[in-house]
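Colleague: what's the 3D shape of this:
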Amino acid sequence: MKIMITGSNGFIGTYISNYLENQGHEILRVVRHKENPCDVKRFCTLDFEKMEASQHLFQAVDAVIHLAGLAHIPDKNLDPLDARKINVTQTLNLASQAKKNGISKFVFLSSVKVLGEDSGDSFLSDTSVPTPTTVYGNLKWEAEEALRDLFDKKTSFLFVRAPLVYGPLVKANFLSLLKIINTGLPLPLRSVQSYRSLLFVGNLADAIHCYLIKDNPESGAYLLCDGDAQSIPAICHFLGESLNRKVRLFSVPKSFLSWLPGGSKLTSSLVISDSTFRSHFSWDPPFTLNEGLAETAKWYLTRQ
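Modeller: Below you'll find the model as predicted:
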């Protein structure tokens, strides 16, 4: 199978490209811009606003995995118009070209944020009503709806509503957490009672592959995760064990956490159930949460 992957030079794109290549597929690695001279042979550039100029790239492609887009940017730092152009308009440009060229499968990396930021005392599932509360979540929801309207029965689609994705090469908040734990500095998280579902990039890659190789897969938006959610303190302690660092947590008032960057999110749970995807595709994640965290910590230690 020949698979086009956009955003293939990012953290998630790099892992998925390598994984699918190792499964015997031909991978067309697509990026917006080549970052250095050595990228010339490995990556192809695609102008998402002038798709006709890149018509040749779609020849003989069987599936498209769209990972490119804006992420990890707080709403206050986002230009709404620019963000919509990249996360919605350019996504539709790509999908329209894929449909025009008869590509049969389209994978779009969406986000659990389409369903909100807080699962409360229960969990979010594929039957939960979309209630995005951020610009990012709203744009993912808008893109999903537009893609549904675009595709007909000839094109199968998979929208992955992912929680926080982590793994080797991870960036943003998860990398910051690894750095802090590795220093041995105490963290004000002892009294945090919230739980989180996470998704190891290896499980994401395997689930996408499971969809791609299935004959006549059922289109839809699906949640994915590693399995049972864990408390934030438990995640910190396991990362500490994997980094061979003692994790020291102390308690602070909940109101104090809200003053920390991203601290308000620490006090709410985001737990999901991916039972629908597992049932429809007979899928079990190849990595447990602890195995994924251990792999990520192992990678982090190699970069020291």
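Colleague: Tell me how many other residues surround the spatially closest residue to residue 122 that is not a sequence neighbour.
Modeller: Of all residues not flanking residue 122 in the chain, residue 271 sits nearest, at 7.6 Å (CB to CB, 6 or more residues apart in numbering). From N, CA and C alone the C-beta is placed, and that goes for glycine too. For residue 271, the neighbour count with other CB atoms under 10 Å is 22.
Colleague: Equivalent analysis for residue 269, please.
Modeller: For residue 269, using other CB under 10 Å, the count is 19.
Colleague: Check residue 244 too.
Modeller: Residue 244: 9 neighbours (other CB under 10 Å).
Colleague: pLDDT at it, what is it?
Modeller: The model reports residue 244 with a pLDDT of 96.
Colleague: re earlier: can you pull the contacts of the residue nearest to residue 122?
Modeller: Shown in contact with residue 271 (CB atoms under 8 Å, 6 or more residues apart in numbering): 119, 122-124, 195-197, 229.
Colleague: per-residue confidence at the residue of the chain most remote from its centre?
Modeller: Most distant residue from the mean C-alpha position of the chain: residue 253, 31.6 Å away (CA atoms, centre = their mean). On the pLDDT scale, residue 253 is placed at 87.
Colleague: Could you measure from it over to residue 232?
Modeller: Distance of residue 253 to residue 232, given as CB to CB, to the nearest Å: 16 Å.
Colleague: What pLDDT is listed against the residue nearest to residue 122?
Modeller: At residue 271, the model reports a pLDDT of 98.
Colleague: cool, and residue 69?
Modeller: The score at residue 69 is 91. That number is its pLDDT.
Colleague: and the closest residue to it other than its chain neighbours, which of the three is it?
Modeller: Spatial nearest neighbour of residue 69, excluding adjacent residues (CB to CB, 6+ apart): residue 87 at 4.8 Å. Of the three states, residue 87 takes helix under DSSP: H, G, I helix; E, B strand; the rest coil.
Colleague: give me the number of residues near residue 87?
Modeller: For residue 87, the neighbour count with other CB under 10 Å is 21.
Colleague: Quick check: it vs residue 141, distance?
Modeller: The value you get for residue 87 to residue 141, if CB to CB is used, is 10 Å.
Colleague: ranges for the helices of the stretch 101-250 of the chain?
Modeller: Here the stretch 101-250 of the chain has its helices, by DSSP state H, counting those that start in this stretch, at 135-150, 172-183, 201-212, 232-243.
Colleague: And those: which comes nearest residue 224?
Modeller: When the helices of the stretch 101-250 of the chain are compared by CB to CB, helix 201-212 sits nearest residue 224, at 5.5 Å.
Colleague: Phi, psi for the residue nearest to residue 122 please.
Modeller: Main-chain torsions, residue 271, degrees, to the nearest 10: phi -110, psi 130.
Colleague: Pull the residues that contact the lowest-mean-pLDDT helix or strand in the chain.
Modeller: Lowest on mean pLDDT, DSSP states H and E among the helices and strands of the chain sits helix 263-266, with a mean of 74. With CB under 8 Å, 6+ apart as the test, helix 263-266 has contacts from 117, 189, 192, 194, 232, 256-258, 260.
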